[in-house]
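Participant: Let's see this in three dimensions:
(2 chains)
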Amino acid sequence: GQQVMQIPQYQHVQEGEDFTTYCNSSTTLSNIQWYKQRPGGHPVFLIQLVKSGEVKKQKRLTFQFGEAKKNSSLHITATQTTDVGTYFCAGSNAGGTSYGKLTFGQGTILTVHP
Amino acid sequence: DTAVSQTPKYLVTQMGNDKSIKCEQNLGHDTMYWYKQDSKKFLKIMFSYNNKELIINETVPNRFSPKSPDKAHLNLHINSLELGDSAVYFCASSQVLPSWPPKSPYEQYFGPGTRLTVT
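Facilitator: You can find the predicted model right below:
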């Protein structure tokens, strides 16, 4: 079955440093989504990437979808303490009988030291 | 307004008991999901229902039985609870089929979670 690998598992940064998490799928994806889960909270949708080579930005966050649609990355510039949490990528083979099934990566737990 | 709600938020019970978790969404989505998140934060899909029909049924012990009385509700019943069932269970919903008015497809909205502790 489809597997989505995400690295690193943990990342500790000083406030102001940059942060990147990477996601790799064993199969070609139709789309990839990113979620953030604050400590004690629930996953919250950040963005969806659909097109090969797509790059999207949300303020300090930059999301990329690989040309082969098998990998993705999330980069945060100049981290802040509000960025702490677990970041998940989730791949989907949309359409057919998958009905929006997402396969989540293991997540990257980000700690930001003030 | 709460988009996806779950009850209870916490559930502490003994091995062998039967318990249920309820989920409701008011987003008008056609698809609902149950996920299990273990102590290492790994999120794994368990079930998915589309318009009350079971669509996704991952390798889950048959002690777990989902039920969807209507497309806004998805409940999870667990029989004969075991220690390994301790986890956080999240309900989620999304719009999968084209709809009017259009909704952002496949984006999943998660409930607050139910922390199940089996002793």
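
Participant: how much space between residue A:4 and residue B:3?
Facilitator: Residue A:4 sits at a distance of 25 Å from residue B:3 (criterion: CB to CB, to the nearest Å). Bear in mind the C-beta positions are built from the backbone N, C-alpha and C, glycine included.

Participant: Which one of these two is surrounded by more residues?
Facilitator: Higher neighbour count among residue A:4 and residue B:3: residue A:4, with 24 against 13, using other CB atoms under 10 Å in any protein chain shown.

Participant: I'd say that one and residue A:33 touch.
Facilitator: No: at 10.8 Å, residue A:4 does not count as touching residue A:33 under the criterion of CB atoms under 8 Å.

Participant: hey, what's in contact with both of the two?
Facilitator: The contact sets of residue A:4 and residue A:33 overlap at A:89-91 (CB atoms under 8 Å, 6 or more residues apart in numbering or on different chains).

Participant: what's the following helix or strand after the least confident helix or strand in chain B by mean pLDDT?
Facilitator: Least confident helix or strand, chain B: strand B:53-57 with a mean of 84, by mean pLDDT, DSSP states H and E. On the C-terminal side of strand B:53-57, the nearest following helix or strand under DSSP states H and E is strand B:64-70.

Participant: For that following strand, buried residues please.
Facilitator: Of all the residues in strand B:64-70, those buried under the rule 16 or more other CB atoms under 10 Å in any protein chain shown are B:64, B:66, B:68.

Participant: if I look at residue B:15, how far off is chain A?
Facilitator: Separation of residue B:15 from chain A (CB to the nearest CB, to the nearest Å) stands at 26 Å.

Participant: the strands in chain B, which residues?
Facilitator: B:4-7, B:10-13, B:19-25, B:31-37, B:43-50, B:53-57, B:64-70, B:73-78, B:87-94, B:109-110, B:114-118 (DSSP state E).

Participant: CSV for those strands, including distance to residue A:57?
Facilitator: Listed next are the strands of chain B as CSV, based on distance: least, CB to CB, whole Å:
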stretch, distance to residue A:57
strand B:4-7, 28
strand B:10-13, 38
strand B:19-25, 30
strand B:31-37, 28
strand B:43-50, 25
strand B:53-57, 32
strand B:64-70, 38
strand B:73-78, 35
strand B:87-94, 24
strand B:109-110, 23
strand B:114-118, 35
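
Participant: Any regions of chain A where pLDDT drops low?
Facilitator: Across chain A, the ranges flagged by pLDDT under 70 are A:94-100.

Participant: redo that, cut-off 80
Facilitator: A:1-2, A:93-100 (pLDDT under 80).

Participant: Okay, the most centrally placed residue in it and residue A:27: tell me how far apart.
Facilitator: The centroid of chain A falls nearest to residue A:89 when counting by CA atoms, centre = their mean (3.5 Å). Going from residue A:89 to residue A:27 by CB to CB gives 14 Å.

Participant: likewise residue B:85?
Facilitator: In terms of CB to CB, residue B:85 sits 30 Å off from residue A:27.

Participant: Same drill for the two, tell me which one is more crowded.
Facilitator: Between residue B:85 and residue A:27, counting by other CB under 10 Å, residue B:85 is the more crowded of the two (19 against 13).

Participant: How about the more buried one: what's its closest non-neighbour residue?
Facilitator: Excluding the flanking residues, the one nearest residue B:85 by CB to CB, 6 or more residues apart in numbering or on different chains is residue B:118, at 5.3 Å.

Participant: If I look at the one you found, what pLDDT would I see?
Facilitator: Residue B:118 is assigned a pLDDT of 97 by the prediction.

Participant: Contacts only, for residue A:59.
Facilitator: If you count contacts by CB under 8 Å, 6+ apart, residue A:59 has none.

Participant: my bad, residue B:117
Facilitator: B:10-13, B:86.
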